[in-house]
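> got a predicted structure here, sequence first:
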Amino acid sequence: MTVRTDIAAAGLTLYDKLWHAHVVVDAPDGQTLLYIDRHLLHEVSTPQSFEMLREDGLRVHRPETQLAVADHSVPTHDRGGPIADPLAAAQIDLLERNCGAFGIEYLDLAGPGQGIVHVIGPEQGFTLPGITLVCGDSHTSTHGAFGALAFGVGASECGIVMATQALWQAKARRMRVTFDGVLGAGVSAKDMALAFIGRVGASGATGFAVEFAGPAVRALSMEGRMTLCNLVIEAGSRTGLVAPDDTTFAFLRGRARVPIGDDWDRAQAYWQTLASDPDAIFDAEITIDAASIAPQVTYGTSPGQVIDISGVVPAARDATTDKALRYMDLAGGAAILGLPIDHAFIGSCTNGRIEDLRAAAAVLSGRRVAPGVRALVVPGSMAVKRQAEAEGLDRLFLASGFEWREPGCSLCVAMNDDRLPPGARCASSSNRNFEGRQGPGARTHLMSPAMVAGAAVSGRIVDVRTLA
Ligand SMILES: CC(C)[C@H](C(=O)O)[C@@H](O)C(=O)O
Ligand code: SF4
């Protein structure tokens, strides 16, 4: 028998509770077979997973626990007819056919449910507190915002989950990041996340499951919490968590796949137990004063290379940072404030939700995109797009000179028609600023949607708090 000293010694963290509720068996080598409740699929990471099932003559064990959507390679304009890019068309068609063959629900490209996998999961009520959820995608941590144990997996693990509903995993260490105080005006969850990544570095949370706590986290909407959890992978962690509360329940209640009636009451009673015990012990604790967080902007080619809007680019200290600064065409000591940009992108699974579009629109109201800047808004999902259109945000974006597109990953990843030219400099609400991420030779500065809107109308990186 294995005696769990972590249980014996102290209270449990939220991560411990979710973990223990899903243990099938512990192996002597420290690995645990974990039951996986749900699996989201997209077109890029699953072709090989389905191939694996075919080769081994396996079927999908519980098809009703799987949900698929195409997002990475989809075009975000001219969606009326067939997809022009033959590779994208083949990839999307393959996902649809694989889902058909294995009995998995596929949210059609033309239908009302389509969108980026991490946006549609919660929208559909597929993401719920207390579940384990995986997807062949590193930003699966997003779903932890609901108090779900969610993490990204590889293509072969997607196949294993489809066939067995379980995965061998090693338990992570536990980190709590407490945001005390109140965020300032013009500062958002994106700034909290980037400030955290800047503090610990791009691999500072590797091996940890990160629980976000404190009054500034409790004050966030579900959209904000998803932004926060989405970005933990950029600090090296596969799992972000926020304990579910009334904000969570209000977001979920009434959604398509969410329990109703007595089932809802029972589920909610359980979900309310999903909080770290007061005497729980974390392996690492970080406290950040939310009031001290300024709008954040990345200057390099890793999300950890981030500074306050008033900051200066740090001098290169090794070959890697030197390479990053060369790629970004920036010198140590340069101010980030006032840096000219020629592209602006609002979208992605980090910041493509309705609240993000509203925040950007509030900045754009009565303003126009600066000459020489190409600006794009790509809603995270059809539901976000419809909601934005109902609020008249599309007209506001168009009137200010933004392009208004169909949902998809778009310029977050440039695996589709949307791509920046070499040398472009983009203010972007996405989550990765890697070399070539938005197109070969293109330069990405990550920031909040409001900051992107501010940069778009100014033609340079500005402090959105000074745009009255
Ligand atoms: C293509 C996909 C597997 C990839 C990921 O794992 O995250 C992408 O979504 C990304 O953001 O880089
Ligand atoms: S929007 Fe970007 S980060 Fe999110 S899943 Fe798509 S490519 Fe990955």
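That came through fine. Ligands and ions are numbered 1, 2, ... in the order given.
> contact residues of the stretch 351-468 of the chain facing ligand 1?
Residues of the stretch 351-468 of the chain lying close to ligand 1 by Cβ under 6 Å from any ligand atom are Val413. Every C-beta, even on glycine, is put in place using the N, C-alpha and C of the backbone.
> stretch 127-139 near ligand 2 at all?
Yes. Stretch 127-139 reaches ligand 2 (Cβ under 6 Å from any ligand atom) through 137, 139.
> please renumber the chain so that the first residue is 743 from this point on.
Happy to do that; since the first residue is 743 now, the last one works out to stretch 869-881.
> tell me which helix or strand Thr920 sits in.
strand 915-922 (DSSP states H and E).
> list the buried residues of that strand.
Going by neighbour count (16 or more other Cβ atoms under 10 Å), the buried part of strand 915-922 is 916-921.
> I'd like to know which elements it is packed against.
Counting contacts by 3 or more Cβ pairs under 8 Å, 6 or more residues apart in numbering; DSSP states H and E, strand 915-922 packs against strand 950-955, helix 957-960, strand 1026-1031.
> can you give me the mean pLDDT across the last one?
Okay, so that is strand 1026-1031. Across strand 1026-1031, pLDDT averages out at 98.
> returning to what we had before: return the most buried member of the helices and strands packed on strand 915-922.
strand 950-955 (a mean of 26; mean count of other Cβ atoms under 10 Å).
> which stretches of the stretch 993-1142 of the chain form strands?
With strands called from DSSP state E, counting those that start in this stretch, the stretch 993-1142 of the chain shows them at 1026-1031, 1038-1040, 1048-1050, 1085-1088, 1116-1119.
> Gly878 is nearest to which of those strands?
strand 1085-1088 (24.0 Å; Cβ to Cβ).
> for that closest one, which positions count as buried?
Applying 16+ other Cβ under 10 Å to strand 1085-1088 flags 1085-1088 as buried.
> same list (the helices and strands packed on strand 915-922) but as TSV, adding distance to Gly896.
TSV is the format used below for the helices and strands packed on strand 915-922 (distance: least, Cβ to Cβ, whole Å):
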stretch	distance to Gly896
strand 950-955	19
helix 957-960	30
strand 1026-1031	26
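> nearest to ligand 2, out of the ones you listed?
Set against ligand 2 and scored by Cβ to the nearest ligand atom, the helices and strands packed on strand 915-922 come closest in strand 950-955, at 17.5 Å.
> burial check on Ala998, number of neighbours?
9 (other Cβ atoms under 10 Å).
> and if you look at Ala1141?
Around Ala1141 there are 14 residues (other Cβ under 10 Å).
> name the residues of the stretch 793-942 of the chain found near ligand 1, please.
814, 879-881, 894.
> sec struct for the spatially most central residue of the chain, please.
Nearest to the geometric centre of the chain sits Asn972, at 3.2 Å (Cα atoms, centre = their mean). Of the three states, Asn972 takes helix according to DSSP: H, G, I helix; E, B strand; the rest coil.
> which one is it nearest to, not counting chain neighbours?
The shortest distance from Asn972 to any non-neighbouring residue, by Cβ to Cβ, 6 or more residues apart in numbering, is to Thr884 (4.2 Å).
> and what of Thr807?
Arg780 (5.1 Å).
> make sure that neighbour is actually in contact with Gly872.
No. Using Cβ atoms under 8 Å, Arg780 is not in contact with Gly872; the gap is 11.1 Å.
> the residue nearest to Thr807 - how many residues pack around it?
Using other Cβ under 10 Å: Arg780 sits among 24 other residues.
> what about it, distance to Ala1017?
Relative to Ala1017, Arg780 is positioned 21 Å away (Cβ to Cβ, to the nearest Å).
> check Leu809 too.
Taking Cβ to Cβ, one finds Leu809 at 27 Å from Ala1017.
> who has more neighbours out of the two?
Leu809 (24 against 19).
> where's the more buried one, which helix or strand?
Leu809 belongs to strand 808-811, assigned by DSSP H and E.
> which elements pack onto the helix or strand following that strand?
Using DSSP H and E, the helix or strand that follows strand 808-811 in sequence is helix 828-844. Helix 828-844 sits against helix 789-797, strand 847-849, with contacts defined as 3+ Cβ pairs under 8 Å, 6+ apart.
> tell me how far helix 828-844 lies from the chain's centre.
24 Å (Cα atoms, centre = their mean, to the nearest Å).
> could you measure from Ala812 over to ligand 2?
As for Ala812, its distance to ligand 2 is 11 Å (criterion: Cβ to the nearest ligand atom, to the nearest Å).
> in a strand, Asp1159, correct?
No. Counting by three-state DSSP, Asp1159 falls outside a strand, being coil.
> the closest residue to it other than its chain neighbours: neighbour count?
Nearest residue to Asp1159, sequence neighbours excluded (Cβ to Cβ, 6+ apart): Pro817, at 4.7 Å. For Pro817, the tally of surrounding residues (other Cβ under 10 Å) stands at 20.
> mind listing what's buried along stretch 1160-1175?
Quick answer for stretch 1160-1175 (16+ other Cβ under 10 Å): 1160-1162, 1166-1175.
> could I get these as JSON lines with secondary structure, distance to ligand 2 and pLDDT?
Shown next, in JSON lines, are the buried residues of stretch 1160-1175 (DSSP: H, G, I helix; E, B strand; the rest coil; distance: Cβ to the nearest ligand atom, whole Å; pLDDT from 0 to 100):
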{"residue": "Asp1160", "secondary structure": "coil", "distance to ligand 2": "11", "pLDDT": "97"}
{"residue": "Arg1161", "secondary structure": "coil", "distance to ligand 2": "13", "pLDDT": "97"}
{"residue": "Leu1162", "secondary structure": "coil", "distance to ligand 2": "14", "pLDDT": "98"}
{"residue": "Ala1166", "secondary structure": "coil", "distance to ligand 2": "18", "pLDDT": "98"}
{"residue": "Arg1167", "secondary structure": "strand", "distance to ligand 2": "19", "pLDDT": "99"}
{"residue": "Cys1168", "secondary structure": "strand", "distance to ligand 2": "14", "pLDDT": "99"}
{"residue": "Ala1169", "secondary structure": "strand", "distance to ligand 2": "16", "pLDDT": "99"}
{"residue": "Ser1170", "secondary structure": "strand", "distance to ligand 2": "10", "pLDDT": "99"}
{"residue": "Ser1171", "secondary structure": "coil", "distance to ligand 2": "10", "pLDDT": "98"}
{"residue": "Ser1172", "secondary structure": "coil", "distance to ligand 2": "6", "pLDDT": "98"}
{"residue": "Asn1173", "secondary structure": "coil", "distance to ligand 2": "5", "pLDDT": "98"}
{"residue": "Arg1174", "secondary structure": "coil", "distance to ligand 2": "6", "pLDDT": "98"}
{"residue": "Asn1175", "secondary structure": "coil", "distance to ligand 2": "12", "pLDDT": "98"}
